[in-house]
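1. Pasting the sequence and the predicted model now:
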Amino acid sequence: MDVLALLADGFATSLSPINLMIVLLGVTAGLFIGAMPGLGSVNGVAIVLPLTFIVPPSSAIILLAAIYYGAMYGGAVSSILLGIPGASTAVATTFDGRPMAQQGKAGLALIAAAVASFIGGTISVILFTLFAAPLADLALKFGPAEEFALVLLAFTTFVGLGGDDKLKTVVMICLGLVLSTVGLDLISGQPRLIFGDIPGFYSGISFLVLAIGVYGIGEILYTIETSKTAPQVTPARITFKELGYGIKRMGRIWKTMTFGSVMGFFVGMLPAAGATPASLMAYGIAKQTSRSPETFGKGNIEGVAAPETANNAASTGSLLPMLTLGIPGSPTTALLLGGMVMWGLVPGPMLFIEQPDFVWGLISSLYTANFAAVAINIALIPLFVWALRMPFTVLCAIVMVLCIVGGFAPSQKMHDVWLIAGFGVAGYLLRKADYPLAPLVLALVLGPLMEKSFRQTLIAEQGNVLAFIERPLSGAFIAIAVLFFVLPFVRYLRKGSRRSIVTAE
Amino acid sequence: MAYTFTRRIAMGLAASAAMFATTATGALAEGWKPQKPVQMVIMAGQGGGADRLARLFQSIIQKENLSNMPVLPVNKGGGSGAEALRFLKDNEGDPHIIMATLNSYYTTPLRTDIGVNIEDFTPVARMAEDTFILWVNADSGITSLEEYVAAVKDAGKDWKMGGTGTGQEDSLVTAMLEKEFDLEMTYVPFKGGGDVAKNLVGNHINSTVNNPSEQMGFYNAGKSVPLVAFTPERLAAFPDVPTARELGHDIVYAMQRSFVAPKGMPEEAVAYYTAMFEKLSQSEEWQTYTSEKALMPAFLTGQPLQEYFLAEREKHQAILDAMGDDSSS
Amino acid sequence: MLAGDRIIAGAIMVLSVYFMIHATALPIGWNGETGGPGGGAFPFWLSAVMLLCSSLILLRSFGASARASFFFDMSMLRPLLMVIAALFVTIALIPIAGAYIAIPLFLFWYLKIFGRHGWVLTLCLTLGTPVFLFFFFEATLKILLPKGFTEPLFFPLYAMFF
């Protein structure tokens, strides 16, 4: 088969000793960068990009792919251990990863995340290998209307994520959406809600700032108050037996993981969507289709596996429009695209025909990077778990420093560090008063995309709201979204008599 | 009070450290050299055309060893570059900050009052002018400007022109087109040029005024068709695409890619950066890049550059006035 | 402590009104001509929903069956305020004295004075963290941290590691 021969050629390059070294190095570096709150694959890729100008392109992409994958794996580490999502793609991982860590099952959660990432990565790379070209056309079918429908769908899948108090959930969703409008209004080109005239708000409020604030600082304040400085986290241990047990447990949820991978790949492939909605949708769907949805958010291993398969699959998926259409689906792929331009490669429909060496070299290095990442990640789990056993006051001090520095690093503005401190205190108070924080953070992530695509569609269609339903793809998405919205109510009515389940929800 | 105190300490420390540094390197430095990594502020977010170009400059500088300290790109794209302009203003006299500009360098302060006067900044070097071409989807069957104008007139408001944010370059070119041909189209703003290009090929919009680099991939695959270039002369990369001027319509518009520095940057520092960019502009990578991506290399420095900026600002003022700045509607 | 719930609901109401006022700087209505909602519409109407919901929450707290969700352990107020104050002081200090003075000071305070840890641990972390930060963020990731007036001291380090 043609594809396999090309892939074999790719492997011949990516498996040479030097390139294997590069993979190991890149994955390790990426893992640590991703594990830092605030830093993600963007930072890793940005740093090595100028370096790649000096080495031959084939080694350069391998290094970049390795860092990309390493950072994706690493993001889950900070979500699980510290409860701070290192990147927006890892928010959903905190929902169940953090409770697991608090129950002393950090090791198990990390294994679940690593295995799930591996499966997500593998399935998506296989899909990539087989269907790259025809799928590129599908990505093109996505205009603003379809984007909006997809975000709507992502929103409805986490309708059930809020707490018991529906009013408070609505308040938090609205607050997140309003905060997402801070900065420049793209459509009119005018600044809005910039709190007087503070230049720091011109660029809006970044998701990372809010997440580090409420999950990082806020969580520490909450723990200080509730624990009287005694450790609340059960010390975690990790043994080979547990490793085996973890992998066995994973076997039982293969359906969730397969679904998460396939869906993650398709959603990630769509420009503008990317890995964040993918991981949220995977989580929401896993919860809604589960036989025991009430265990989600309380340390269900499926709740870690679902978003992790999806976000890794999506990061592979987002390479597809970048290579075949020249459209980056995320800041990281935007940088990769820049790198390709520097190496004199023209991304676009002709790339697969004109530069097969490059394309298949990249795909094969995705396979190797994925293998290396899962191996290194599992090998490092004892180290991560050990870090959790530090005395609470020591851990708090270190996490605070990481929050400050990690908040500064992406934008290099003190403004953001102040915001983190402010959001930390506010998040702590909101949490005290039982306002759910996940909807707030998620609304901020999805808000800009939702508003932008909604208004773009209406401008293009001159105010015709029916445009969303008339177009087949977006109509289908909206239909599914409505279904998801109604489903919990139907279930609620059916199980209405059994009070225990209702209260658990 | 605290301020003067820290300032004095800082200066004292600076002097001692500078002495230390020069003796350590054997005082081989001739003239000024950066003592710390140089911040290259980018007036746009990550991943856009401006960002990619700035990072290309960074790579060439690193590869050709043009600076003894690394040049570190920092994105400050908020508010169409307002954030970057304010940052530059707040760091007066800092010799370790340079900024990569695009045309929002003029338009942003003209459209909203952000307390910045670009006359104050120190011009460093103009590297190139990026070009604009009118594109349509290959499926549309349109191959000439005439057919285009006819099609747009036919469709009226149903004709969707895609471009970057309102008030930015693409919307200005669109406004010029509308005025010249008495057209009325619906302008749909997108987040970046790549997004625009993709939406054209996906048939979600009918035409764009992308930079060639943004459409190059689709053009090579035969998915999009260039109709007319808004350049003074035909582009070497598109020898068959006429300029608007040739066809008797005086629409010429370019996106400058330059570097400026904060007000009051020491002259030696300006000289250092100017020399650095001059070497960059002669590098082989840059030469290939400009010819492949249909950029017009136009190296310019010092006072003439400042005059160019001011003249361009006038021009943009006129275009914005003509548009009536309909953003308020 | 129903008062806590009420204060927070009230604060959200104030915030919503603030957002609504500022959102009106851009058109908030539906504009038939340009198609769709104006630039202020999203923030305005969402803030309005937020105002409505937080008002309901506030009203509910006066109801007969109201249960407080806000509990606070008063004995922990002091340490909590101390940590928050330390955090803000540290952040304020960063632009002036630089991260390499502010962060070790914070660590020293937190570990030695607040956490009452031993000297060995305190000194290891207080001195080790800046070294780690420099090599990880500056030397490797090329992200410069603010240095305030300590900047010139770093010139030789830059010359060495860049």
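-> Ah, there it is.
2. Outline the domain layout of chain B.
-> B:36-130+B:255-323, B:133-252 (automatic domain parsing).
3. Strands along the stretch 151-300 of chain B, start to end?
-> Along the stretch 151-300 of chain B, counting by DSSP state E, counting those that start in this stretch, strands occupy B:160-163, B:186-189, B:207-208, B:224-229, B:254-261, B:296-301.
4. mind listing what the residue in the stretch 151-300 of chain B positioned nearest to chain A touches?
-> Taking C-beta to the nearest C-beta as the measure, the stretch 151-300 of chain B has B:Gly217 as its residue closest to chain A, at 2.0 Å. Yep, even glycine has a C-beta here, placed from its N, CA and C like the rest. Neighbour list for B:Gly217: A:325-326, A:346-351 [criterion: C-beta atoms under 8 Å, 6 or more residues apart in numbering or on different chains].
5. TSV for the domains of chain B, including distance to A:Ile123 and mean pLDDT?
-> As requested, the domains of chain B are exported to TSV (distance: least, C-beta to C-beta, whole Å; pLDDT from 0 to 100):
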stretch	distance to A:Ile123	mean pLDDT
domain B:36-130+B:255-323	27	90
domain B:133-252	26	91
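6. Out of these, which gets nearest to A:Leu138?
-> domain B:133-252 (10.1 Å; C-beta to C-beta).
7. Would you mind listing what in the stretch 101-250 of chain A touches chain B?
-> A:140-144, A:183-184, A:186-191, A:194, A:197, A:199-204 (C-beta under 8 Å from any C-beta of the partner chain).
8. Can you flag which of these belong to helices?
-> A:140, A:144 (DSSP state H).
9. Export the strands of the stretch 151-300 of chain B as TSV, with columns for distance to chain C and mean neighbour count.
-> Putting those into TSV (distance: least, C-beta to the nearest C-beta, whole Å; neighbours: other C-beta atoms under 10 Å in any protein chain shown) gives the following:
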stretch	distance to chain C	mean neighbour count
strand B:160-163	11	25
strand B:186-189	7	23
strand B:207-208	18	28
strand B:224-229	25	23
strand B:254-261	18	23
strand B:296-301	26	17
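10. just to revisit the earlier point, separate out the buried members of the residues of the stretch 101-250 of chain A next to chain B.
-> Listed as buried from these are A:140, A:142-144, A:183-184, A:186-191, A:194, A:199-204; burial here means 16 or more other C-beta atoms under 10 Å in any protein chain shown.
11. Show me how chain C divides into domains.
-> If you go by automatic domain parsing, chain C breaks into C:2-60, C:74-161.
12. closest one to chain B among these?
-> Using C-beta to the nearest C-beta, the nearest of the domains of chain C to chain B is domain C:74-161, at 3.8 Å.
13. First-to-last residue distance for the closest one?
-> Using C-alpha to C-alpha, to the nearest Å, one end of domain C:74-161 lies 50 Å from the other.
14. and the strands of the stretch 151-300 of chain B as TSV, adding distance to A:Ser261?
-> Output for the strands of the stretch 151-300 of chain B, formatted as TSV (distance: least, C-beta to C-beta, whole Å):
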stretch	distance to A:Ser261
strand B:160-163	33
strand B:186-189	34
strand B:207-208	35
strand B:224-229	33
strand B:254-261	42
strand B:296-301	47
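15. among the domains of chain C, which gets the worst mean confidence?
-> Of all the domains of chain C, domain C:2-60 carries the lowest average pLDDT, namely a mean of 88.
16. buried residues in stretch B:113-131?
-> For stretch B:113-131, by 16+ other C-beta under 10 Å, it's B:114, B:116, B:118, B:121-131.
17. and it, how far apart are its ends?
-> Span of stretch B:113-131 from end to end, C-alpha to C-alpha: 28 Å.
18. Is that stretch in proximity to chain C?
-> No - taking C-beta under 8 Å from any C-beta as the criterion, stretch B:113-131 and chain C are apart, separated by no less than 13.5 Å.
19. In contact with the residue lying closest to A:Pro349 once chain neighbours are set aside, which residues?
-> Distance criterion C-beta to C-beta, 6 or more residues apart in numbering or on different chains; nearest residue to A:Pro349, sequence neighbours excluded, is B:Ala221 at 3.6 Å. Shown in contact with B:Ala221 (C-beta under 8 Å, 6+ apart): A:348-350.
20. and which of the residues you listed is nearest to chain C?
-> A:Gly348 (30.4 Å).
21. I'd say that closest one and A:Gly326 touch.
-> Yes - counting by C-beta atoms under 8 Å, A:Gly348 touches A:Gly326, with 4.7 Å between them.
22. Just give the number of residues close to C:Ser47.
-> With neighbours defined by other C-beta atoms under 10 Å in any protein chain shown, the count for C:Ser47 comes to 25.
23. ok, now which ones touch it?
-> Counted by C-beta under 8 Å, 6+ apart, C:Ser47 has contacts A:174, A:178, C:16-17, C:19-20, C:23.
24. Restrict the host helix or strand of it to CA atoms and write it as CSV.
-> According to DSSP states H and E, C:Ser47 maps onto helix C:41-60. Coordinates of each C-alpha in helix C:41-60 appear next as CSV, following Å, rounded to 0.1, in the frame of the first residue of the first chain:
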residue,chain,number,x,y,z
ALA,C,41,-25.1,43.4,23.2
PHE,C,42,-23.4,40.3,24.5
PRO,C,43,-21.9,41.8,27.7
PHE,C,44,-25.1,43.9,28.3
TRP,C,45,-27.7,41.2,28.2
LEU,C,46,-25.6,38.6,29.8
SER,C,47,-24.9,41.0,32.7
ALA,C,48,-28.6,41.6,32.9
VAL,C,49,-29.2,37.8,33.3
MET,C,50,-26.5,37.8,35.9
LEU,C,51,-28.2,40.7,37.7
LEU,C,52,-31.5,38.9,37.6
CYS,C,53,-30.1,35.7,39.0
SER,C,54,-28.1,37.2,41.7
SER,C,55,-31.1,39.3,42.8
LEU,C,56,-33.1,36.1,43.1
ILE,C,57,-30.3,34.5,45.1
LEU,C,58,-30.3,37.5,47.4
LEU,C,59,-34.1,37.5,47.8
ARG,C,60,-34.0,33.8,48.4
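25. quick one: buried residues of that helix?
-> Buried residues in helix C:41-60 (16+ other C-beta under 10 Å): C:41-55, C:57-58.
26. same thing with stretch A:299-314?
-> A:299-314.
27. separation between the nearest residue to A:Leu487 once chain neighbours are set aside and A:Ala282?
-> Nearest in space to A:Leu487, with sequence neighbours left out and distances taken as C-beta to C-beta, 6+ apart, is A:Gln288 at 6.2 Å. In this view, A:Gln288 and A:Ala282 are 11 Å apart by C-beta to C-beta, to the nearest Å.
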